[in-house]
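Undergrad: here is my input, please return the structure:
(2 chains)
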Amino acid sequence: MAEDEEQENRENQEGQEEAQESTIIRTPDTLKSKVGTGGPGAVDLETLARAEAVIASLSDDYLKWVEEDFKKLDDALAKLIAEKDNRKEHLDRIFQISHDVKGQGGSFGYDMMTIIGNQLCRFVEDMEDADDAEIEAVTLHIDALKMVIAKRMEGDGGAEGESLFSGLEKVVAKLK
Amino acid sequence: MTDYNLERLNFLMVDDNKHMRGLVKTILNALGVRNVIEASDGADAFKELRHFPADIIIVDWNMDPLDGLDFTRMVRTAADSPNPFVPIIMLTGHTEMNRVVEARDAGVHEFLAKPISAKGLYSRIRSIIERPRPFIRTKGFNSYFGPDRRRQQMPNFMGKERRKQETDYEGEGGAAELSQDEVEALLND
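TA: Okay, the predicted model is just below:
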C-alpha cells in the first residue's frame, strides 16, 4: 500500500513538473477581425446549398478523373501479376490509388466507390506478398469499382450495390 | 450557425492530387473565398509560405516527398518557419484513431475526413474561427509545440494521465476507423 502511495505521489510530482515546463503562448486572434459576420458574401445555409450544388455539377468531371484512376489500377495490377519478386511495391501502389478513389467517390454521390475503395485499401494495406487467390480478389474489387461507374450506381447502389459489396466481403472473408 | 464572411482570408491548399486541389478550391470559392494558392507537396507549400501570408492551410496527408504530417511539424518547429502559428486542417482518408492522434500531436488544428463536403469543410473553418487556441511549448522527452491539445480548460489536468490514455490508442482499437463525430470528440478531449 505504502509503495502504491509512493508511486502515486511520484507520478503526481512528475505530472506537475511537466505542467510547469509547459509554456502557454497566446497568439493574437487575427482571424475573427478578418472575417466579419453577416451581410452579403457571408456563408449562410443558402451559400452552403449552392456550394454543394457546385460539387454535384462536377460529377461529369469526376467520371473522367476516375477513368484515369482505373488506368493506373490496371497498370499496377498488370505489374503485380507479372513481377513476382516485386509484389510489395505494386500492392503499395494499388493501396495509394484505391485510397484516392475512396476519398473522392462519396463527394460526388458515388458512395459505393468510397465503400469498395476502402475495402480494397483494408485488404492490401498490410500485405507483403500476394498469392493467386489474393490477386484474384484484388482484380474483383477493381472490376466492382468499374461496374459502379459503368452502371452509374449512385448513392448506396440499391439492391445491386448491396449484393455487389456482400459478394466482395465473402471473397475477402474466405482468404482471411 | 454564425454566417462568416470569408472573402478576406488567404488559403493555402496542399495536395498532390490535382483533382482534389481543384475540388477544394472550387468549394472555397463557392464559400466566397477569393485567395487560394495551391501547392503539390509539403516542400512546395513551405516555399509558398515564405511569400504568401496564409490564414489557414488545408493539407493532405499522403504526399511525396514531404507528406502532410512532416509539413505540419516543419511549419510548427523549423527555425526558418514563416508562420509557426498558422491554423492547419489535415485532409485525409486516414480516420483510424492512432492516425488522428498522430496528426494532432504533429500540431494540426482540425481534421477533415475524405470524402469531403462543403458543409464539412465550412464546419472545420468555423471551428478555427470560433475556438482560437493558445499554443503550448513543452520541453523534455515528449516535447511538443502546437495548438493546445485540450480545447476545454481542465484545471486538475496532470500530464501523466494523458500519456496513459494516448498509449492505449496504440494498442487494441488504435486502428479502428472513426466517424467525423468521434474524431471531433478525440480532438476535443
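Undergrad: just checking, which helix or strand of chain B averages the lowest pLDDT?
TA: When the helices and strands of chain B are scored by mean pLDDT, DSSP states H and E, helix B:159-170 comes last with a mean of 40.
Undergrad: same question, chain A
TA: Considering only helices and strands, the least confidently modelled element of chain A by mean pLDDT, DSSP H and E is helix A:2-21, at a mean of 57.
Undergrad: in the chain, which spans are strands?
TA: Answering for chain A, as no chain was given. Under the criterion DSSP state E, chain A carries strands at the ranges A:23-25.
Undergrad: that was the other one, I meant chain B.
TA: B:10-14, B:35-39, B:56-60, B:88-92, B:110-113, B:135-138, B:144-147.
Undergrad: out of those strands, flag the one nearest A:Lys72.
TA: strand B:56-60 (17.2 Å; C-beta to C-beta). C-beta here means a position set from N, CA and C on the backbone, and glycine is covered the same way.
Undergrad: who's in contact with the closest one?
TA: A:31, B:9-17, B:20, B:24, B:42, B:45, B:49, B:68, B:71-72, B:75, B:86-92, B:112, B:121, B:125, B:128 (C-beta atoms under 8 Å, 6 or more residues apart in numbering or on different chains).
Undergrad: what's the average pLDDT for the lengthiest helix in chain A?
TA: In chain A, with assignment by DSSP state H, the single longest helix is helix A:59-82. For helix A:59-82, the mean per-residue pLDDT is 96.
Undergrad: likewise stretch A:119-132?
TA: The average pLDDT within stretch A:119-132 is 94.
Undergrad: which residues touch it?
TA: A:80, A:87-88, A:91, A:94-95, A:98-99, A:101-102, A:134, A:137-138, A:141-142, A:145, A:165, A:168-169, A:172, B:93.
Undergrad: and that stretch, C-alpha only, in CSV?
TA: Extracted in CSV, the C-alpha atoms of stretch A:119-132 (Å, rounded to 0.1, in the frame of the first residue of the first chain):
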residue,chain,number,x,y,z
GLN,A,119,-12.4,-2.4,-48.5
LEU,A,120,-9.6,-2.7,-51.2
CYS,A,121,-7.4,-0.5,-49.1
ARG,A,122,-8.0,-2.6,-46.0
PHE,A,123,-7.4,-5.8,-47.9
VAL,A,124,-4.0,-4.8,-49.4
GLU,A,125,-2.6,-2.4,-46.7
ASP,A,126,-0.7,-5.0,-44.7
MET,A,127,0.1,-7.5,-47.5
GLU,A,128,3.8,-8.1,-48.1
ASP,A,129,3.1,-10.5,-51.0
ALA,A,130,0.1,-11.9,-52.8
ASP,A,131,-0.8,-15.4,-54.0
ASP,A,132,-3.1,-16.2,-57.0
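Undergrad: ok, B:Ile37 to B:Leu28 distance?
TA: For B:Ile37, the distance to B:Leu28 equals 11 Å [C-beta to C-beta, to the nearest Å].
Undergrad: repeat that for B:Asp15.
TA: Going from B:Asp15 to B:Leu28 by C-beta to C-beta gives 13 Å.
Undergrad: more neighbours: these two, which one.
TA: B:Asp15 (27 against 24; other C-beta atoms under 10 Å in any protein chain shown).
Undergrad: quick check: closest non-adjacent residue to the more buried one.
TA: Using C-beta to C-beta, 6 or more residues apart in numbering or on different chains and skipping residues adjacent in sequence, the residue nearest B:Asp15 is B:Asp60, 4.0 Å away.
Undergrad: looking at strand pairing, list the partners for that neighbour.
TA: For B:Asp60, the beta-bridge assignment (DSSP bridges) gives partners B:Leu91.
Undergrad: where does the closest residue to B:Ala113 other than its chain neighbours land on pLDDT?
TA: Distances taken as C-beta to C-beta, 6+ apart put B:Thr95 closest to B:Ala113, at 4.8 Å, once the chain neighbours are dropped. Looking at B:Thr95, its pLDDT is 76.
Undergrad: can you give me phi and psi for B:Thr95?
TA: Comment: the main-chain dihedrals of B:Thr95 come out as phi -120, psi 20, following degrees, to the nearest 10.
Undergrad: who does the nearest residue to B:Arg124 once chain neighbours are set aside bridge with?
TA: By the measure of C-beta to C-beta, 6+ apart, the closest residue to B:Arg124 outside its immediate chain neighbours is B:Glu110, 4.3 Å from it. Beta-bridge partners recorded for B:Glu110 (DSSP bridges): B:Ile89.
Undergrad: how about the contacts made by B:Glu110?
TA: If a contact means C-beta under 8 Å, 6+ apart, then B:Glu110 has B:Pro87, B:Ile88, B:Ile89, B:Met90, B:Arg124, B:Ser127, B:Ile128, B:Leu187 as its contacts.
Undergrad: where does chain B have low pLDDT?
TA: Within chain B, the ranges that satisfy pLDDT under 70 run B:151-177, B:179-180, B:182-189.
Undergrad: show me where chain B has helices.
TA: B:18-30, B:42-49, B:68-77, B:97-106, B:118-130, B:159-170, B:180-187.
Undergrad: looking at the ones you listed, which is buried most?
TA: Most buried of the helices of chain B, by mean neighbour count (mean count of other C-beta atoms under 10 Å in any protein chain shown): helix B:68-77, with a mean of 22.
Undergrad: for that helix, packing partners?
TA: Using 3 or more C-beta pairs under 8 Å, 6 or more residues apart in numbering or on different chains; DSSP states H and E as the contact test, the elements touching helix B:68-77 are helix B:42-49, strand B:56-60, strand B:88-92, helix B:97-106, strand B:144-147.
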